[in-house]
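A.B. asks: Here is my input, please return the structure:
(chains A and B)
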Amino acid sequence: MVEPVYIVASGLGIAFLLGLINKAGKNPAGGVMLLALAFMTLVSLQWMSSVVFAGNSPHYTFTAGFQPPFSISLMMGEKEAFFTTLVNLIGLLGGIYLWERFHKQGVNTMIVYLLLFVGLNVVVMTRDLFNLFVFLEISSVAITGLVLLQREHKAITAGFKYLVATGIISGILLIGIIFIYQYGGSLYIDDIIAANLTAVKGGMVAIFLVLIAIALELKPFPANGWALDLYQGAHPGVAALVSGAFASAMVFVLYKLLPIAGGQWQTMFATLGALTFVGSNLLGIKQNQSQRLLGYSSVGQIGLLVMVVGLAQFLGDRLTLIAYGLLISHYLAKAGLFWLAGVLDQDQIRNWAQLRKKPHLLALFGTFIFALVGFPPFPSFFAKWELIMQLSAGSGYVWVGLILLGSLLEAVYLFRWLGYALKLDHQQLPAINIQWHKIIPIVLAGVGLFVLGYLATPIASGTAGINFIPLAFIILIYFLDVLPARVKNIVVIAAMAYYGYLIMPGLEDVRFIFSVIFIIGGILTLLAGFAYKGRRKGFYPAALLMYAGLGQLLTAETMLQFFFAWELMTIGSYILIIRGKNSIRHGYSYMLFSVGGAYLMLAGFGVAYAGSGMADLAAIANITQLAGWAAVLIAIGFMTKTATLGLHIWLPGAHAEAESDVSPMVSAILLKAGVFGLVLLFIHMGGEAASGHPLFYVLGWLGAITALVANLSAVFQEDAKRLLAYSSIGQLGYILFAFAIMTHVGWLAGFTYTLNHFMYKAILFLIVGGIVLRLRTHYMYEMGGLIKRMPYSFIAVLIGIVALAGMPPLSGFAGKWLFYNAGIEKGWYFQGGVIFFSGIIAFLYLYRLIHSIFLGQLKDRHRRVKEISPWFLIPAYTLIMGIMVFSAKPGWILQPIGQAITQYFPSSPLRWQADGTAIGELGYWNGSQVMVIVMGVFILITLWLILLNRKAKKVEQFNIVYAGERPERPETTHISYNIYAGYNKAIGFLATPWISGLWQWIADGFRDLAVQIRRIYNGNGQTYALHLLTYVVVVYLITIGG
Amino acid sequence: MDLLTRVLFTLLGLFIILNWGLLMTAIMRKLTARVGKRVGIRWYQPWINLVKLYSNRNSISHGVMFQLGPVFRLLGGVGLVMFMPLIYGSELFTNFSFAGDLVIILYIKFFGMLGMALGAGEGGHPYSAIGVSRGLSQVTTVELPFTLAVIALAVQYNTLSITEIVAAQQGGILNWTLFTNPVATAAALLSMLGIFMHSPFDLHKAPNEIPIGPPTEYHSSYLGILRTNAAILHVIEAVLFMNLFFGGATSWPMLIVKTFLIYFISVFVGVVFPRFRIEQSVRWFLQVPLILGIVAIILIL
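C.D. replies: Model prediction:
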């Protein structure tokens, strides 16, 4: 074992020797410096393997052979090993990254660089307060030096402000140390803790000064203008070190020193951390400068870690996982982002679209963003999960709320940024200059996140069933992205089929029903992908990610597995949605609603965990306290996916602007994930026994009003896909209503609608999507008369709308019939009336859809347009067969569903007679007979008409009765634009988008707040100094009092 | 009863309804004319019209959907007859109502409407599309008070079966829904004015403005089918109201008298009031009729 002290010795020694080595040239000097850092890293790693993994006891180094307090002692325990490894590793990678910089600035920079790491290592390891102060100074000065040596104006002013700030902090720290020595008689930290200075008069002030100085080093909001200027002004390579190494070390120092206050002030630090986390992320939402934005994010993340340190008493033995998980994700992702900023050299986040010139860098960027926000499979995901669970278990709900608020605000700007990178125009931007020494550290950071996420899984609780094979396969597909789309399509469909083969037989009841939608629906919609040529870069990993998430939702048994799958699905669907041409805004709003919903769900799971002490999904069934809250939070989380009124504003744009084959995926299939969640929730809430819960009454009304408003909005759309999107919102309203009825027949109606909506909405979106691909327009008034050119599409749409309208004999009627029975049985007459009214309003938009596209007048430019791609027709017609079977033999599907839900809803099930007649409490209906009768009459009348009109003459387009005139152009004759003007005049006010207005108002409110608060950062060093002092005084007054 | 007998009696019922519908149309037109101090048509004019239309030798087609439009339309009317029990107590004239209850009646109505709208759409005439958009707009609010009334009835009689609703009203005029549930009946009858689409709710065909709305392009046997359907539809919809609110019918003469009187209500209103604009008509049903519907629901809560 190499003594830890050699870390310091080698660093210092090489730093002194560098001047000499430099005589041999800059390359040898740089090489030796990197070797020194590599050696330091190795020593730390070796201790990590010994202390952490082999479980050896901590190692103490006593300098000069004396015992403390008469000597400086270094300790190498578990945490020290971990933190020195972090520090040294980033030193090594950062050194590689800065290679060119060192070359340019000369050996002095290298010396300062080495000293920074010597300082940080000692800061981590030392057990002596004064020694800590000295090496902290060395580190701070080294950072100042690195910044100032850049010799650029913005760097110099930033470095100077940093110097002023750290000067003040050092002063406070030093005074604190003096007083501590005065009262405690020792500088050895263990002695100080033992001395219990809080009991001594004046000791409290001494401790306060030391701890507040450390807190100030952690750049607390709002006294952190100097730090933000540093992040902005410093070279990205240096900023990465400040964020990754320095801040990590300081968090550990805080953790190390906090015991001297003897357990007091933990809450204060948690509060300061929370203030920083929320405040800093709030200000970030208005920031457009990339490095400063990263600064806000860094400060915020460190605030979160301070919170974790302060809340340690809640976290018990999970503290390590939580703290390390958050820290490592921040450390790798933030360093990676700063390094990327250096590669791009683009000041404005809008210009990060440049990344698209190198898609692998874009993938890394996405990795970092998702890791920061806390998505799976990264360590931060597991850490955040555990954090929320443990805080909830300790009833720390206020903390939970603050953490989720801060995280959401962080997601606001990070996903804005990711959206810019994914979507904004990059043609005008210069090519990226690839230097390998800069790329390697970034790649390592990205890979590290994946590997550590994988390694973190077994440590987190409730993760046993998480299957990483689909994720590994997705990574494989990512690397196969160079293959043609058709090849990938075959591979992906085969993989989906195999996955379905693996999981579907093991699923029962409700899960099996949804697996049909997720897996078979997935395969069918993927078939449409054959219509695309080229490579479709990035499409397949995203699609697979979504389907893998959906598949794992089905197999999830614990809450964590469920949430893991949910978040995977969200990532995949986000990338799919934002691929659309004009989707930047819609993908963004989808993501924000998803993240917000996921956080509410997380909070709900937290309450469930706290109330039941279980990690299983069954926890929801066993909550002993706050059960209502858990249900409400989780339900709202799911309703962001089902786009219930109020949470729906992301959907129309997201579904309408998505690619033609993505729209059916996200509309017909993805929305059902929310339904699946609600179904599971309702089952766990107790099924029939819980049906009196007031939540269901509210949800029933919400569903009904959603259906009404969304259907009405669909009536007034000119964009065909937007019309279908609003229609989906409305249909999901029906589904919510049906499940909220919480009776046997109500649930049958819910499942009927779920299956039907999956089928007909997939058909409609596939066909309309195919038409949009052909005609290059979404607007219905630009279409017309296409029945002549696209007869197969017409038939598919016709069947789709008849099924959607709920007209007998097609399967949509089953849903309507069940609705009537269930609604009346339940006594929900008014809600039922609203639902019925919405159903009739649906006729308006359905007619508009089919008439404006297929009927009326064919446009001149479409006279030669061809039928849509067969790859869109094949899945559509397959689903039509499904509808036909469901329509002709509803019992085949409804009877097994009825049996499956009887265990949850045993009372008054639907009875089935031998001839297939379904009998409810009120009415009866025989789908097969209705089908036979209607088809029989239809055929007879058709034959009769054919007989009568066998000599009918086919006429040309404009051969119509037109009052003696001749219509000139299709455009003036095709009635489509604003076709329901009169209806709009009558009750269009009901579709006024005031909810979008409300959300806009909230968003503007946050932005304005950020703008106002940002003004305190005026860039003036003196003001920043005043901030620091004011902060100290205010915190003093609050904690210790006047 | 074997299937053949059932089919034959259903066809017989259909035949009676068709002819009664034609006669009723003629009588109503005659009455309307007399109110306007005109002589009016001869009582057998509807038959002559039908014979003429079906025997027209020239006809044109705008396409398959155009041809199917009238088929769907007639399917809507005939479908209603199929699933509607006509004569209470007569097994022969219950038609195929064993296959579905009131809900299927409510929805099969729309089948014809939508099919017609599609056929008219392929005709390509602007008036057709305008007429359809008006008609559909109006239907949405027309159906709302009617639905609430139906829900009130279903709760009152605890069934959605039309036969059982009729059965519950037997045994004296005071057992009719009209008297047992006057509010729901009032709501439904006001809706009925919109369902029959006479003035002031005839804006889908709006004579003098967009003559004659959706069927503008239809002629010869197409129009013949539409006229046939109109005759059936007027009677069968009146039968629906008769069954739900006026005690049903135990014999054909009773059916004829009751349907005549029910249908007469809408003709009477039509003679008195001029046509609404779309927004007036759409909103009208959301006022008194809707309030009555809501009151009907409140009464059963």
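A.B. asks: Doesn't A:Y547 lie inside a strand?
C.D. replies: No: using DSSP: H, G, I helix; E, B strand; the rest coil, the secondary structure at A:Y547 is helix, not a strand.
A.B. asks: now residue 158, nearest residue through space, not along the chain?
C.D. replies: Here I'm looking at chain A. Spatial nearest neighbour of A:A158, chain neighbours left out: A:G233 (2.9 Å); criterion: CB to CB, 6 or more residues apart in numbering or on different chains. Every residue, glycine included, has its C-beta placed from N, CA and C.
A.B. asks: try again with chain B
C.D. replies: Counting by CB to CB, 6+ apart, A:L922 is the residue found nearest to B:N158 once chain neighbours are left out, at 6.8 Å.
A.B. asks: is it true that the one you found touches B:Y157?
C.D. replies: No: in this structure A:L922 lies outside contact range of B:Y157 using CB atoms under 8 Å: 9.1 Å.
A.B. asks: quick one: low-confidence parts of chain A?
C.D. replies: Within chain A, the stretches with pLDDT under 70 are A:963-964, A:1042.
A.B. asks: how about the strands in it?
C.D. replies: Remark: strands assigned in chain A by DSSP state E are A:59-62, A:73-76, A:911-912, A:918-919, A:924-925, A:953-954.
A.B. asks: okay, now residue 99: neighbour count?
C.D. replies: With no chain named, the answer covers chain A. By other CB atoms under 10 Å in any protein chain shown, 21 other residues sit near A:W99.
A.B. asks: I was after chain B.
C.D. replies: B:A99 is flanked by 25 other residues according to other CB under 10 Å.
A.B. asks: Now it: closest residue in space that isn't a chain neighbour?
C.D. replies: Nearest in space to B:A99, with sequence neighbours left out and distances taken as CB to CB, 6+ apart, is A:Q929 at 3.8 Å.
A.B. asks: measure stretch A:218-235 end to end?
C.D. replies: One end of stretch A:218-235 to the other measures 20 Å (CA to CA, to the nearest Å).
A.B. asks: Now do A:S57 against chain B, distance only.
C.D. replies: Distance from A:S57 to chain B, counting by CB to the nearest CB, to the nearest Å: 74 Å.
A.B. asks: Equivalent analysis for A:G611, please.
C.D. replies: 35 Å.
A.B. asks: Quick check: that residue touching A:I620?
C.D. replies: No: at 9.1 Å, A:G611 does not count as touching A:I620 under the criterion of CB under 8 Å.
A.B. asks: Mind listing the shared neighbours of these two?
C.D. replies: Listed as contacting both A:G611 and A:I620 by CB atoms under 8 Å, 6 or more residues apart in numbering or on different chains are A:A630.
A.B. asks: Comparing these two, which shows the higher neighbour count?
C.D. replies: For A:G611 and A:I620, the more surrounded residue by other CB under 10 Å is A:I620, and the numbers stand at 27 against 20.
A.B. asks: Just give the nearest non-adjacent residue to that one, would you?
C.D. replies: Nearest residue to A:I620, sequence neighbours excluded (CB to CB, 6+ apart): A:H684, at 3.8 Å.
A.B. asks: If I follow the layout properly, the one you found ends up in contact with A:L617?
C.D. replies: Yes: counting by CB under 8 Å, A:L617 is a contact partner of A:H684 at 6.6 Å.
A.B. asks: Could you check how far A:I787 is from A:V797?
C.D. replies: 10 Å (CB to CB, to the nearest Å).
A.B. asks: Please determine how far the residue sitting nearest the centre point of chain A is located from A:I180.
C.D. replies: The centre of chain A sits closest to A:V595, judged by CA atoms, centre = their mean, with a distance of 4.8 Å. A:V595 is 44 Å from A:I180, where distance means CB to CB.
A.B. asks: quick one on the thing from earlier: run through the residues that contact the residue nearest to B:N158.
C.D. replies: Contact analysis of A:L922 by CB under 8 Å, 6+ apart lists A:820-821, A:824-825, B:101, B:154, B:158-161.
A.B. asks: any idea which element the residue nearest the centre of chain B lies in?
C.D. replies: Centroid-nearest residue in chain B: B:E237, 3.6 Å away (criterion: CA atoms, centre = their mean). B:E237 belongs to helix B:220-245 when assigned by DSSP states H and E.
A.B. asks: Tell me the buried residues in the next helix or strand after that helix?
C.D. replies: Next helix or strand after helix B:220-245 toward the C-terminus (DSSP H and E): helix B:252-272. Residues B:252, B:254-256, B:258-260, B:262-263, B:265-270 are the ones in helix B:252-272 that count as buried (16 or more other CB atoms under 10 Å in any protein chain shown).
A.B. asks: Buried residues of stretch A:916-927, list them for me.
C.D. replies: Here stretch A:916-927 shows A:916-918, A:920-927 as buried, counting by 16+ other CB under 10 Å.
A.B. asks: neighbours of A:Y847, just the number please.
C.D. replies: Using other CB under 10 Å, A:Y847 has 26 other residues around it.
A.B. asks: which ones are touching it?
C.D. replies: A:Y847 neighbours (CB under 8 Å, 6+ apart): B:114, B:117-118, B:121, B:132-133, B:136.
A.B. asks: likewise A:S976?
C.D. replies: By CB under 8 Å, 6+ apart, the contact list for A:S976 reads A:780-781, A:783-784, A:848, A:851-852, A:856, B:129.
A.B. asks: Mind doing that once more with 10 Å?
C.D. replies: A:S976 makes contact with A:718, A:779-784, A:848, A:851-853, A:855-857, B:129, B:133 under the criterion CB atoms under 10 Å, 6 or more residues apart in numbering or on different chains.
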